[in-house]
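In: below is the sequence, then the predicted model.
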Amino acid sequence: MSNWNLNEVPSQSEKVAIVTGANSGIGYEVTLGLIKKGFEVVMACRDMQKAVEAKSKILLQYPKAKINIIMIDTSSLKEVKKFADQFQTQYKKLHLLINNAGIMMSPHRVTDDGFENQFATNYIGHFALTGLLLPILTSTSGSRIISLTSLSYKWSEIKFDDFHFKKGYSKTKAYGQSKRACLMFAFELQRRLSAAGYDTLSIAAHPGLSKTNLDRYYPALIRPLGSLFLQPAAKGALPILFALLDNDLKGGEFIGPDGFQQMRGYPTKVEADEYSNNKEIAKRLWTESEKMTSVFYLS
């Protein structure tokens with residue numbers, strides 16, 4: 001497992017995948033990997049110009065690639081619903097949903113829905129998207145839902161008394177909470193899928209410390225140091241691709257790099273902390289997420 005190689009995965013032609021935030025960083029590299037294996041990929045992106053540029057870049061490498069771009073802004077529930085409706089008018093199957101889009105340690109902003117922006121973009125939008133696409137996922141044999149988290153999930157627990165940091169904003173804790181929520185969601189989603197008798201799998205994955213454009217809010221003095229300890233985005237995408245394509249996974253796993261402190265390396269199963277495995281907290285988060293989104297599923 002420690003030297004998992006995408007090249008050894010058989011062709012997956014006739015299969016469909018959605019990658020949110022597909023135009024850059026980990027999302028772009030995951031898209032590239034799936035295209036290499038013959039998937040038709042829907043690039044679900046907020047910035048259409050960057051998406052078109054990314055698609056053109058991929059087509060230079062893979063001229064026969066099947067790529068479709070559909071606009072989504074995961075910070076907006078209205079835009080998430082619009083995306084889900086548009087996808088389901090164009091497609092009748094969905095094998096992979098990669099909940100990847102995200103922002104990191106951004107300045108404080110409240111979305112149109114009244115949510116803290118990092119929580120909305122990284123977690124709430126994906127909770128809603130998954131629920132809206134669940135019928136097509138569960139009717140597609142062998143489907144998987146991959147939720148991207150981060151080592152920074154350890155920065156914060158779930159702030160049930162102040163999800164949206166109205167009592168004072170911490171960009172690091174807000175990011176940590178959003179990634180903690182993504183991890184706990186992946187685990188709880190698998191428990192609920194299994195209880196409902198579906199064979200769709202839910203798996204959490206993190207890319208270790210990888211060089212992507214998420215560092216744009218880092219202090220200017222720190223950003224250049226990234227190249228000293230961050231692995232390339234292509235390497236960071238491997239745990240996600242492993243979670244998507246490895247045949248031995250059963251659902252409910254957490255995949256990350258196998259190196260020191262899970263910072264870099266090849267994909268392997270990793271352990272989450274006790275808080276993230278707490279089923280009661282996960283149930284409470286699910287209930288609150290349904291209330292926030294008005295998207296109810298597997299309840």
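Out: Noted; the coordinates are in hand.
In: what about Ala84, how many residues nearby?
Out: Residues lying near Ala84 (other C-beta atoms under 10 Å) number 23. Just so you know, the C-beta spots here come from the backbone N, C-alpha and C atoms, and that holds for glycine as well.
In: just checking, it touches Leu134?
Out: No. Using C-beta atoms under 8 Å, Ala84 is not in contact with Leu134, being 9.9 Å away.
In: ok, and for stretch 251-263, which residues are buried?
Out: Of all the residues in stretch 251-263, those buried under the rule 16 or more other C-beta atoms under 10 Å are 251-258, 262.
In: quick one, what contacts Asn100?
Out: Shown in contact with Asn100 (C-beta atoms under 8 Å, 6 or more residues apart in numbering): 19-22, 26-27, 30, 146, 148, 240.
In: now swap in Thr172 and tell me
Out: Thr172 neighbours (C-beta under 8 Å, 6+ apart): 105, 152, 155-156.
In: which SS state does it fall under?
Out: Here Thr172 is recorded as helix under DSSP: H, G, I helix; E, B strand; the rest coil.
In: Lys179 versus that one, what's the distance?
Out: 11 Å (C-beta to C-beta, to the nearest Å).
In: still on that earlier bit, so which of the buried residues of stretch 251-263 comes closest to Glu274?
Out: When the buried residues of stretch 251-263 are compared for distance to Glu274 (C-beta to C-beta), Phe254 wins out at 13.3 Å.
In: let me see the contact set for the closest residue to Cys45 other than its chain neighbours.
Out: Of all residues not flanking Cys45 in the chain, Ala51 sits nearest, at 3.8 Å (C-beta to C-beta, 6 or more residues apart in numbering). With contact set as C-beta under 8 Å, 6+ apart, Ala51 has these partners: 22-23, 43, 45, 69.
In: ditto for Lys37
Out: Contacts for Lys37 (C-beta under 8 Å, 6+ apart) come out as 6, 9-12, 245.
In: cool, and Tyr28?
Out: 22, 54, 233.
In: one step back: take the contacts of Ala51 and write them to a markdown table, including neighbour count and secondary structure.
Out: Listed next are those as a markdown table, based on neighbours: other C-beta atoms under 10 Å; DSSP: H, G, I helix; E, B strand; the rest coil:
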| residue | neighbour count | secondary structure |
| --- | --- | --- |
| Ala22 | 32 | coil |
| Asn23 | 25 | coil |
| Met43 | 27 | strand |
| Cys45 | 26 | strand |
| Ile69 | 17 | strand |
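In: and the residues you listed, which is closest to Leu193?
Out: Ala22 (24.2 Å).
In: now that closest one. Its backbone dihedrals?
Out: Here is the backbone geometry of Ala22 (degrees, to the nearest 10): phi -80, psi -10.
In: excluding its backbone neighbours, what's nearest it?
Out: Counting by C-beta to C-beta, 6+ apart, the residue nearest Ala22 is Met43, at 3.8 Å.
In: go ahead and confirm the one you found touches Ser24.
Out: No. Contact between Met43 and Ser24 fails when scored by C-beta under 8 Å: they sit 10.6 Å apart.
In: mutual contacts of the two, please.
Out: With contacts taken as C-beta under 8 Å, 6+ apart, the residues that reach both Met43 and Ser24 are Ala54.
In: and the closest residue to Ile158 other than its chain neighbours, which helix or strand is it part of?
Out: Distance criterion C-beta to C-beta, 6+ apart; nearest residue to Ile158, sequence neighbours excluded, is Leu285 at 5.7 Å. Applying DSSP states H and E as the criterion places Leu285 in helix 279-293.
In: Leu77 and Thr293 touch, don't they?
Out: Yes. Using C-beta under 8 Å, Leu77 is in contact with Thr293, at 6.0 Å.
In: mutual contacts of these two, please.
Out: 124, 128.
In: how many residues are close by the residue nearest to Arg109 when sequence neighbours are not counted?
Out: Nearest in space to Arg109, with sequence neighbours left out and distances taken as C-beta to C-beta, 6+ apart, is Asn117 at 4.1 Å. By other C-beta under 10 Å, the residues close to Asn117 number 20.
In: next up, the contacts around Asn117.
Out: Counting by C-beta under 8 Å, 6+ apart, the residues that Asn117 touches are 75, 103, 106, 108-111.
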